[in-house]
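1. Got a sequence here, can you build the structure:
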Amino acid sequence: MKIVADISIKDIDTIFPLLRGFDDASINFLETADIVNSNIVDADALLVRSHTNVNKQLLLSSNIKWIGSATAGIDHIDTNYLDTNNIIWFNAKGCNSFSVCNYVLSSLYQLKKDKIFKETDTVGIIGYGNIGKRLKNILDNLNINNIAYDPFLNSNVLSSISEIMQAEIITIHTPLTYVTKFATNNLVDTEFLEKSNSHSIINTSRGGIVSEVDILKSKQNYIADVWENEPHLKNSIMDCYIATPHIAGHSFEGKVKGTIDTLFGLMNFLNFDKNIVNKNLKLIDNLYQSSAKSYKYLKDFNDNYDIEIESNRFKDLFKNMHKNNFNKLRSSHLNRHDLSIYKI
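-> The predicted structure follows:
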């Protein structure tokens, strides 16, 4: 079996050689820019990140039978093409959920430090998937008022959209959708903002969910990690309360989990024996002794990852150096670990 993997997938070249069961497989590590049709045409499996567009142009006439993306999102994958051509695909859904939660919580502390976020304020969570559930759990642990909304789920813990509109802070954790029921494209626009009781909006999902023109005309404190028309950014990012270059999910743990989940997805596709899978899991556990730290207070998240410093770095780089190089902006983000363990 021939495998091609993006060398920029976190620690892929360290983890893969340790794994059992791949004795008959060869793996070729390529730079992202080199993952093109001519270099993958004879491969059976392909491991990528979000920088690679997985579509007909990339895969035409290739032997690829399985695609694995070490990312939570799938915007870069033409799933219709893959499904039509019987190519199995996998994405590391939820791999960076703790990282995104940490980003949001650091943002909340910044709002609190600036006396914007008051003790009586409620945080409204739109989207109750991997991130929304974990965020709500952490907010509950911290005794921070919060409610969650998801029109696709039926749960007693969920609130209505009208209740969400009464929250002082709204944080968004949904995919960007268009011609579907409860479409999220331009969900937050002038009409939404006029009806909302919010003073702050946090968007770590996709740029198109929030109308940048509308929100920056409003009096909202806009905390944005994602942007309309990425990688082409507007100067208006300088007017955001907090601005970062699509790195909310880029903690050490989030990246490594994306790699591990994708490799286990490949093992599942190849029908690895359960004993071999368990041995591989133990090998990886031995490689990564948990470095995640615990938290007790909201301030702990800011002490671990200062969102204001991240935002100031991004704005300075955007203004002075790398305005037209979004990948350079992303690669300049602060390195960080997650705070994912709660201690009373």
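2. Which residue lies nearest the spatial centre of the chain?
-> residue 249 (4.2 Å; CA atoms, centre = their mean).
3. Residue 82 reaches residue 89, doesn't it?
-> Yes. Applying CB atoms under 8 Å, one finds residue 82 in contact with residue 89, separated by 4.9 Å. (Glycine included, C-beta is placed from N, CA and C.)
4. Residue 92 is in contact with the residue nearest to the centre of the chain, correct?
-> No. Counting by CB under 8 Å, residue 249 does not reach residue 92; the two are 10.4 Å apart.
5. shared neighbours of the two, which are they?
-> Listed as contacting both residue 249 and residue 92 by CB atoms under 8 Å, 6 or more residues apart in numbering are residue 72.
6. I'd like the distance from residue 53 to residue 66, if you could.
-> Look at residue 53 and residue 66: by CB to CB, to the nearest Å, they are 17 Å apart.
7. And the strands in this structure?
-> Applying DSSP state E to the chain gives strands spanning 2-6, 26-30, 45-48, 66-69, 88-91, 123-126, 146-149, 169-172, 200-203, 221-224, 242-243, 293-295, 339-342.
8. Pipe these into CSV and attach mean neighbour count per row.
-> Below are the strands of the chain laid out as CSV (neighbours: other CB atoms under 10 Å):
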stretch, mean neighbour count
strand 2-6, 21
strand 26-30, 16
strand 45-48, 26
strand 66-69, 25
strand 88-91, 20
strand 123-126, 26
strand 146-149, 21
strand 169-172, 26
strand 200-203, 26
strand 221-224, 24
strand 242-243, 22
strand 293-295, 15
strand 339-342, 16
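9. Turn these into CSV, columns for mean pLDDT and distance to residue 308.
-> CSV is the format used below for the strands of the chain (pLDDT from 0 to 100; distance: least, CB to CB, whole Å):
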stretch, mean pLDDT, distance to residue 308
strand 2-6, 97, 32
strand 26-30, 96, 37
strand 45-48, 98, 33
strand 66-69, 98, 32
strand 88-91, 97, 32
strand 123-126, 98, 19
strand 146-149, 98, 23
strand 169-172, 98, 17
strand 200-203, 98, 14
strand 221-224, 98, 11
strand 242-243, 97, 7
strand 293-295, 86, 19
strand 339-342, 78, 17
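10. mind putting those strands in JSON lines, distance to residue 275 included?
-> JSON lines is the format used below for those (distance: least, CB to CB, whole Å):
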{"stretch": "strand 2-6", "distance to residue 275": "22"}
{"stretch": "strand 26-30", "distance to residue 275": "22"}
{"stretch": "strand 45-48", "distance to residue 275": "22"}
{"stretch": "strand 66-69", "distance to residue 275": "22"}
{"stretch": "strand 88-91", "distance to residue 275": "22"}
{"stretch": "strand 123-126", "distance to residue 275": "40"}
{"stretch": "strand 146-149", "distance to residue 275": "40"}
{"stretch": "strand 169-172", "distance to residue 275": "42"}
{"stretch": "strand 200-203", "distance to residue 275": "44"}
{"stretch": "strand 221-224", "distance to residue 275": "46"}
{"stretch": "strand 242-243", "distance to residue 275": "48"}
{"stretch": "strand 293-295", "distance to residue 275": "33"}
{"stretch": "strand 339-342", "distance to residue 275": "29"}
